[in-house]
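K.L.:
Quick one: sequence and predicted model below, then my questions.
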Amino acid sequence: MTTTDTPETVDSFAASGDGRIHGLRRMLFRKPGLTTAAVYGGVGIILLLTVIGPSIGPWLADAGCACGWGSEQIDSGHALEGPSGTHFFGTDRSGQDVFSRVLAAPRINLVIALAATALSVVIGVPLGLLAGYIGGRALAATATSELIMRFMDVLQSFPLFVFAVVLVAVRGQSTEIVIIALTIVNLPVFARLARAEMLTVREQPYADAARILGHGNFRLIFRHLAPNSVASSVATVPMVIGFVILFTASLSFVGAGVKPPTAELGGMIRVGANNMVTGEWWPSIFPGVALGLMVLIFAFAAQDIAARMRAVKRAEGLMSAETSVEAG
Amino acid sequence: MTTDTQSPDAPATPSTDAESVSPGDDILIDVRNLAKHFKISRHENLVAVGGVDLTIGRGETVGLVGESGSGKTTLGRVMLRLTEPTAGEIWYGGQRISHMSTGEFRKIRPKLQMVFQDPSNSLNPRMTIRTALRDAVRILKLPRDERERRIAEVLDAVQVSDVLADSHPEALTGSQQQRCAVARSLIMQPDLIVLDEAVSNLDVGGRLEIIELLQDVQERFGVSYLFISHDLTAVRSISHRVAVMYLGLVVEFAPTDTVFENPVHPYTRSLLSAVLYPDPDAGLPEYALSGEIPSPINLPPGCNLYSRCPVREPECERWEAELLPVERSGGIGNHGAACRRLDDILAGRA
């Protein structure tokens, strides 16, 4: 390669370029504070429980611990027992160990949340990108864009909970149907975010530059515009995961979610809710706290990601302004 | 849609006269009565470009100057069909590209490139410079070795080091970014590059650096430029000919020295007299136009400058502006101006 390393270019790069890029990286991957560490530690624990949660009880039993119970195992004759050395979180009205079930429940909640969110992203983001790219151009293209977005309006205009309950009632109660219902519920969120960003990005000079080089629409969208149009969607994913976990629990609470006896936080709260008035609080409170913590952890993670993205964007903005007004 | 490939007819105005093209006689781009209107509402049209005739020769730089909102950028974009024209024709190398289908035009597209005003936003932030160049040259469907050779060649031409080439745009200064944008255009081996305010966002040093680079590239590759700028000094230093635009029309078109030393159109005179010199005693412009620039929405017929012109006559209000050859009036030659009072101006009566 025959490039010219003039002293001027090398010097100016050393003075500005290298420092800038490292500044951005530092901002994006900065050393986490205590709160951030706690949030991502929490995410790590949830993920770990998703993998090994249902096996912890049986492992403890195998190790000879009296506290080791399977998540669907019944300790007959010990229904509605309070927290003790044998049952850390007590037992529910069927005699199932609440502690083992709380450890096992994140698996189904998180699997549903991840699957539904992933499907919403995979379907919603491309639809939004397409609607944003073709909107306001030729008549047919604009009509297609409008059709997509009005369809999203229709989806959003339904009361979400009623919509999901009706879908489960019509199609039957299964994990797959819950995932489909939650996917449909979240489609408009990602479609709208992707469309809004695409509308901005498609007007950027680098989009015109790619167009003028001779790129076709397909390459223009997927190589140049889409990677610059998904930041908001990415930042929203943890928030939606938290929302879907809560929504799944709500569906299970009204009996339209995951079928018992599978350990699921909403279902566990429902089972224990009847006993609250008679003073047996533990079958509901422990899964309730676990559910609250899970949702909060994902909400904080979403907030942290959004804050980092904002900081990077602000830094880029400052740099670009500095670049543009070099004359000072 | 048919594609005409015969030679363009003889032009009707001085601006399209082959003899007026410098430095060579070979016309690369011939724009005829090109117009772009934007529909604002059912009854309102914004006339961004109102029927422009313009030629650019091979290896020539044509400067395009005028106030903000005069239609310079739109004209550049329409010439490259980045925005589709409302009317008129664009001829390139004997082909009428304005009427080509998108598929046909895509084959020609690499030969007509553009460099944008804001260098920080004209490079994809997610691509390193080298990736962006690879992405561009991929369109030409060349063998891999040839692609890499061409990337090295343009990086060398615009003096971008390997370290810079492997950086993202955010790590570069404005003039480095603009050099990379020029490299991206250059890699397509274009015949024409539209430089849309390509030096306006740069500091004085960066401006000089890019202008020298552009001149060097032109000498080396024989590329033509349409140099759109507010900066009259930059335009004078790089252009062979200069077109002055006002409200969507070219009001004067002539060799650079002629425009700067002997302008005849009232608008050109006011534009040149508005240049500020670094001399506190120089005073304010002596040939200033009165009033505000009219709205380009639903422009009335007649001379666009009528409401502000210091030498207007009642007949000017109905006069359809067209470029008149200045030599016909005993003037300088290779020079056109769109003023009904051209004879009076040249005779010193206006």
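P.N.:
Arrived safely.

K.L.:
Can stretch B:228-242 be said to contact chain A?
P.N.:
No. Between stretch B:228-242 and chain A, judged by C-beta under 8 Å from any C-beta of the partner chain, nothing touches; the nearest distance is 12.0 Å. Using the backbone N, CA and C atoms, a C-beta is placed for each residue, glycine as well.

K.L.:
Actually, stretch B:190-210.
P.N.:
Yes. Against chain A, stretch B:190-210 shows contacts by C-beta under 8 Å from any C-beta at B:N201, B:L202, B:D203, B:V204, B:G206.

K.L.:
count of residues packed around the first one?
P.N.:
Spelled out, it's B:N201. Look at B:N201: counted by other C-beta atoms under 10 Å in any protein chain shown, it has 23 neighbours.

K.L.:
Go ahead and confirm it touches B:P119.
P.N.:
Yes. Distance between B:N201 and B:P119: 6.5 Å, which falls inside the contact criterion (C-beta atoms under 8 Å).

K.L.:
For the residues of stretch B:190-210 next to chain A, pick the one with the most neighbours.
P.N.:
Result: B:L202 is most packed of these (other C-beta under 10 Å), 25 neighbours.

K.L.:
What confidence value was assigned to it?
P.N.:
We have a pLDDT of 81 for B:L202.

K.L.:
quick one: it and B:S175 touch, right?
P.N.:
Yes. Judged on C-beta under 8 Å, B:L202 makes contact with B:S175 at a distance of 5.3 Å.

K.L.:
Give me the below-cutoff pLDDT ranges for chain B.
P.N.:
Flagging of chain B using pLDDT under 70 yields the residue ranges B:1-25, B:277-278, B:280, B:282-286, B:327-333.

K.L.:
Helices of the chain, start to end?
P.N.:
If you meant another chain, say so; for now it's chain A. With helices called from DSSP state H, chain A shows them at A:7-12, A:18-28, A:34-62, A:98-134, A:139-157, A:160-171, A:175-201, A:205-213, A:217-219, A:231-253, A:265-276, A:282-324.

K.L.:
Hmm, no, I was thinking of chain B.
P.N.:
So, for chain B - with DSSP H - the helices run B:72-79, B:102-108, B:129-137, B:144-157, B:162-165, B:174-186, B:204-221, B:232-238, B:256-261, B:266-273, B:342-346.

K.L.:
Tell me which of these lies nearest to A:V39.
P.N.:
helix B:129-137 (33.9 Å; C-beta to C-beta).

K.L.:
and the closest one with helix A:205-213, angle?
P.N.:
40 degrees (axes from the mean of the first three to the mean of the last three C-alpha atoms, to 10 degrees).

K.L.:
Helix B:129-137 to helix B:174-186, inter-axis angle?
P.N.:
Counting by the same axes, to 10 degrees, helix B:129-137 lies at 30 degrees to helix B:174-186.

K.L.:
Just the buried positions in helix B:129-137, please.
P.N.:
B:I129, B:R130, B:A132, B:L133, B:R134, B:D135, B:A136, B:V137 (16 or more other C-beta atoms under 10 Å in any protein chain shown).

K.L.:
Distance from it to the middle of the chain?
P.N.:
26 Å (C-alpha atoms, centre = their mean, to the nearest Å).

K.L.:
For that helix, give me every contacting residue.
P.N.:
Residues from elsewhere that reach helix B:129-137, judged by C-beta atoms under 8 Å, 6 or more residues apart in numbering or on different chains: A:210, A:213, A:223, B:123-124, B:127, B:147, B:150-151, B:154-155, B:160, B:164-169, B:172, B:180, B:183-184, B:187-188.

K.L.:
hang on, the earlier thing: among the helices of chain B, which comes closest to B:N298?
P.N.:
helix B:72-79 (17.0 Å).

K.L.:
pLDDT of stretch A:151-170, averaged?
P.N.:
86.

K.L.:
Identify each buried residue in it, please.
P.N.:
Judged by neighbour count (16+ other C-beta under 10 Å), stretch A:151-170 contains these buried residues: A:M152, A:L155, A:L160, A:F163, A:A164, A:V165, A:L167, A:V168.

K.L.:
Quick check: closest non-adjacent residue to B:G63.
P.N.:
Leaving aside its sequence neighbours, B:G63 sits nearest to B:S239 (C-beta to C-beta, 6 or more residues apart in numbering or on different chains; 3.3 Å).

K.L.:
From what I see, that neighbour and B:V62 are in contact.
P.N.:
Yes. Using C-beta under 8 Å, B:S239 is in contact with B:V62, at 6.3 Å.

K.L.:
how about the nearest residue to B:N298, chain neighbours excluded?
P.N.:
Distance criterion C-beta to C-beta, 6+ apart; nearest residue to B:N298, sequence neighbours excluded, is B:E44 at 5.6 Å.

K.L.:
Would you list the phi and psi of that neighbour?
P.N.:
Dihedral pair for B:E44: phi -120, psi 130, per degrees, to the nearest 10.

K.L.:
count of residues packed around it?
P.N.:
Using other C-beta under 10 Å, B:E44 has 12 neighbouring residues.

K.L.:
and the gap between it and A:L139?
P.N.:
Taking C-beta to C-beta, to the nearest Å as the measure, B:E44 falls 20 Å from A:L139.

K.L.:
Relative to chain A, which residue of the stretch 201-350 of chain B is the closest?
P.N.:
B:D203 (3.8 Å; C-beta to the nearest C-beta).
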